[in-house]
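**Student:** Here is a sequence together with a model predicted from it:
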Amino acid sequence: MEMEHTVTNYSNQTATADYAAQPTSQKSFVVTWLLAMLLGGLGIDRFYLGKIGTGILKLITFGGFGIWVLIDLILVLAGATRDKSGLPLSGYAENKKVALIVTVVLYVLGAIGTAANTATQLANLN
């Protein structure tokens, strides 16, 4: 007597399922992204998302001495940031490309400005 074995394929039910098909938060991706980029060292992005405890911790450590700020910004841009209830932020799918481009451009311009300033200071030492 042969038994049939049914194999269920769960490959379509991954954690990275269609972002837009999920219920979303009332908290905005764009607002969170701007707060993380501009005021991340003060934890304002965490306060906005309702995460008061980690907001206070981020505030008193000045954004984990800058490391936490960078990690949070990457998480926001990757769509991994959730509100206090665990819901994904609204507007991510529509705005992720622009947010990523603006962030990269600002960081590149900041690096160029820093390099130019350093070169100027070194030239003035001679």
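**Tutor:** Alright, I've got the coordinates.
**Student:** Just name the shakiest helix or strand of this structure by mean pLDDT.
**Tutor:** helix 62-65 (a mean of 90; mean pLDDT, DSSP states H and E).
**Student:** Please point out which parts of that helix sit buried.
**Tutor:** By neighbour count with 16 or more other C-beta atoms under 10 Å, helix 62-65 contains the buried residues 63-64. In short, each C-beta sits where N, CA and C put it, glycine included.
**Student:** Packing partners of it?
**Tutor:** helix 67-78 (3 or more C-beta pairs under 8 Å, 6 or more residues apart in numbering; DSSP states H and E).
**Student:** so after the helix it packs on, what's the next helix or strand?
**Tutor:** Using DSSP states H and E, the next helix or strand after helix 67-78 towards the C-terminus is helix 92-125.
**Student:** ok now that next one, how far from the chain's centre?
**Tutor:** 18 Å (C-alpha atoms, centre = their mean, to the nearest Å).
**Student:** Run the angle between that helix and helix 67-78 for me.
**Tutor:** 140 degrees (axes from the mean of the first three to the mean of the last three C-alpha atoms, to 10 degrees).
**Student:** any idea how far the nearest residue to residue 89 once chain neighbours are set aside is from residue 110?
**Tutor:** Leaving aside its sequence neighbours, residue 89 sits nearest to residue 29 (C-beta to C-beta, 6 or more residues apart in numbering; 4.0 Å). Distance from residue 29 to residue 110, counting by C-beta to C-beta, to the nearest Å: 22 Å.
**Student:** give me the number of residues near residue 25?
**Tutor:** A count of neighbours around residue 25, defined by other C-beta atoms under 10 Å, yields 22.
**Student:** That one contacts residue 90, doesn't it?
**Tutor:** Yes: taking C-beta atoms under 8 Å as the definition, residue 25 is a contact partner of residue 90 at 5.8 Å.
**Student:** which residues does the closest residue to residue 50 other than its chain neighbours contact?
**Tutor:** What sits nearest to residue 50 in space, not counting adjacent residues and going by C-beta to C-beta, 6+ apart, is residue 84, at 3.3 Å. Listed by C-beta atoms under 8 Å, 6 or more residues apart in numbering, the contact set of residue 84 reads 49-51.
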